[in-house]
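> the following block contains a protein sequence and its predicted model.
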Amino acid sequence: MATLLMIGTSKGLFLARRDQAGQPWDVSVPQFPMTGIYAVGIDRRGSQPRLLAAVDSSHFGPSVAVSDDLGAGWREPDHAPIAFPADTETSLARVWAFADGGDQSPGVVWAGTQPSALFKSVDGGETFELVRSLWDHPHRTQWAAGLGGQAIHTILPHPADPDRILVAMSTGGVYRTTDGGQSWNPGNVGIKAYFMPDQWPEFGQCVHKVARDPVNPERLYAQNHHGVYRSEDDGATWTSIADGLPSDFGFAMVAHPSRADTIWNFPLQADAVRFPPDFKCQVFRSQDAGKSWQPQSAGLPDGPFYPAVLRDAMCTDSADPAGVYFGTRNGEVFASADEGENWESVVSNLPDVLCVRAITL
């Protein structure tokens, strides 16, 4: 089974491919060189997978490129595919996330941006419109910016109900709609914001990433700015699952593509000390929905390890057993073909890895 990795970096997009596990990876030269690729997406719903890349050019500004031939060719529109309406008096800084609308919404692709906004496409990601209901939410003027900016980075349509969508942002927290985006409500009960005067606010939490369980879609997992949580009610309430991890700080949270209760996390020491705990390169996996955690490091670097893994720089593929992948801020990418039991290097000496996505072919 062939695998394609999209690796977004601070200096372009790299594509890594191999025809089957155990073979060496063939890594492309950079595409969109000297641009930041902060988000990549893979829409598997068509006859051919569509790849999306958020291209952030310091000269031309942010854009979205699409490919229908697995990255052999790309096209960008002449116009800005994502732009704020003039009456918002706002300009797009960056695209942070893509998500397809699910099997019940063919053609729908969502994009999360900086500043925090949600955009919807009905043509597979070629043109987008602002979701005004979230932009006009009365809380929006009070959403703050984290160190990485103010952005929507997580978009999770419900697989059984296209009217239910969850988004998460830094800084603002989780918001949910159950009516197709006509209205939005915060979903942060149980998530602590230790940096605020009221440490249990209705909104304002700095959520770093949220993942959905593939078998129990009401179950969600979140990595917060200090705090790791699980929800059993589609984000209405949350409980801590940080016990067993060496730290509750980090960015990445990834769920198994087809098996319940299995998630991966890459902890860091603390918000002010963004090194792995004990300077060890370790992924942590839970197979019981966060009740317990086990380190996974076979094949990863043994010596002192200092780079961080960003929120979208870890992913899985759709294989069984699942492949797991992550990239680091020093330009290394690692892969496991057996759900994290054993790791291998895909490529090193890349620019700063910002995002990674995988597809099995």
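Yes, it's here.
> okay, CA-based contacts and neighbour counts for the rest of this
OK.
> hmm, Gly340 is touching Gln296, no?
Yes. If you go by CA atoms under 8 Å, Gly340 and Gln296 touch, sitting 6.1 Å apart.
> where in the stretch 201-350 of the chain is pLDDT low?
Along the stretch 201-350 of the chain, the model assigns pLDDT under 70 to no residue.
> which residues in it form strands?
Ranges of strands within the stretch 201-350 of the chain are 207-212, 220-224, 228-231, 239-240, 249-255, 263-268, 283-286, 294-296, 314-316, 324-327, 333-336, 344-347, based on DSSP state E, counting those that start in this stretch.
> for stretch 71-78, measure first residue to last.
19 Å (CA to CA, to the nearest Å).
> list of residues touching that stretch?
Outside stretch 71-78, the residues that touch it by CA atoms under 8 Å, 6 or more residues apart in numbering are 15, 51, 63-68, 126.
> Ala322 - nearest residue in space that isn't next to it in sequence?
Glu339 (5.3 Å; CA to CA, 6 or more residues apart in numbering).
> nope, Ser240 is what I meant
The spatially closest residue to Ser240, leaving aside those adjacent along the chain, is Tyr229, at 4.3 Å (CA to CA, 6+ apart).
> for beta bridges, what are the partners of that neighbour?
Bridge pairing for Tyr229 (DSSP bridges) gives the partners Ala222, Ser240.
> hang on, it packs against Thr239?
Yes. At 5.3 Å, Tyr229 counts as touching Thr239 under the criterion of CA under 8 Å.
> who touches both of those two?
The contact lists of Tyr229 and Thr239 share Ile191, where a contact means CA under 8 Å, 6+ apart.
> neighbour count for these two, which is higher?
Tyr229 (22 against 16; other CA atoms under 10 Å).
> mind checking the backbone torsions on Thr88?
phi -80, psi -20 (degrees, to the nearest 10).
> next, count neighbours for it.
When neighbours are defined as other CA under 10 Å, Thr88 has 10 of them.
> distance check, it against Ile191.
30 Å.
> kindly report the same for Glu76.
The gap separating Glu76 from Ile191 is 39 Å, by CA to CA.
> more crowded one of these two?
Neighbours were counted for Glu76 and for Ile191 using other CA under 10 Å; Ile191 has more, 30 against 15.
> list the contacts of stretch 343-354.
7-11, 16, 24-25, 27, 37-39, 297-300, 310, 312-313, 327-337.
> which of the three states applies to Ser133?
Assigned by DSSP: H, G, I helix; E, B strand; the rest coil, the conformation of Ser133 is helix.
> Asn185 is in contact with that one, correct?
No. The criterion here is CA under 8 Å, and Ser133 misses it with Asn185 at 10.9 Å.
> settle it for me: which of these two has more neighbours?
Counted by other CA under 10 Å, Ser133 and Asn185 do not tie: Asn185 has more neighbours, with 17 against 14.
> quick check, Arg212 in contact with Arg230.
No. The pair formed by Arg212 and Arg230 falls short of the contact definition of CA under 8 Å, at 9.8 Å.
> overlap in contacts, these two.
219-221.
> which of those residues tops the neighbour count?
Going by other CA under 10 Å, Tyr221 tops these with 28 neighbours.
> what sits against it?
210-213, 228-231, 253.
> gap between the two ends of stretch 265-283?
End-to-end distance for stretch 265-283, by CA to CA: 6 Å.
> buried sites along it?
By neighbour count on 16 or more other CA atoms under 10 Å, the buried set for stretch 265-283 is 265-270, 274-277, 280-283.
> with stretch 318-333 instead?
Neighbour-count burial for stretch 318-333, with 16+ other CA under 10 Å as criterion, is recorded at 318-319, 321-333.
> so how far is that stretch off the chain centroid?
13 Å (CA atoms, centre = their mean, to the nearest Å).
> and the contacts of that stretch?
7, 256-258, 307-310, 313-317, 334-340, 345-356, 358-360.
> highest neighbour count among the contacts of Tyr221?
Val228 (31 neighbours).
> follow-up on the earlier one: tell me which of the shared contacts of Arg212 and Arg230 is nearest to Leu118?
Proximity of the shared contacts of Arg212 and Arg230 to Leu118 (CA to CA) peaks at Leu220, which lies at 20.1 Å.
> tell me the contacts of the closest one?
Going by CA under 8 Å, 6+ apart, Leu220 touches 210-213, 230-232, 234-235.
> just Ser10 next, same as before
Ser10 sits next to 34-38, 351-354 when contact means CA under 8 Å, 6+ apart.
> ok, now with 10 Å
33-38, 56, 329, 331, 350-355 (CA atoms under 10 Å, 6 or more residues apart in numbering).
> before we move on, what about Ser47?
Ser47 makes contacts with Asp68, as judged by CA under 10 Å, 6+ apart.
> send me stretch 222-238 as PDB with only the CA atoms.
Extracted in PDB, the C-alpha atoms of stretch 222-238 (Å, rounded to 0.1, in the frame of the first residue of the first chain):
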ATOM      1  CA  ALA A 222      -8.200  18.000  23.500                       C
ATOM      2  CA  GLN A 223      -4.700  19.300  24.200                       C
ATOM      3  CA  ASN A 224      -5.000  22.600  25.900                       C
ATOM      4  CA  HIS A 225      -2.400  25.200  26.900                       C
ATOM      5  CA  HIS A 226      -1.600  23.100  30.000                       C
ATOM      6  CA  GLY A 227      -4.300  20.500  30.200                       C
ATOM      7  CA  VAL A 228      -5.300  17.300  28.400                       C
ATOM      8  CA  TYR A 229      -9.000  16.500  28.300                       C
ATOM      9  CA  ARG A 230     -11.700  14.200  27.100                       C
ATOM     10  CA  SER A 231     -15.400  15.000  26.300                       C
ATOM     11  CA  GLU A 232     -18.100  12.400  26.100                       C
ATOM     12  CA  ASP A 233     -20.800  14.800  24.900                       C
ATOM     13  CA  ASP A 234     -19.400  16.300  21.700                       C
ATOM     14  CA  GLY A 235     -17.600  19.100  23.600                       C
ATOM     15  CA  ALA A 236     -20.300  20.300  25.900                       C
ATOM     16  CA  THR A 237     -18.200  19.300  29.000                       C
ATOM     17  CA  TRP A 238     -14.700  18.100  29.600                       C
END
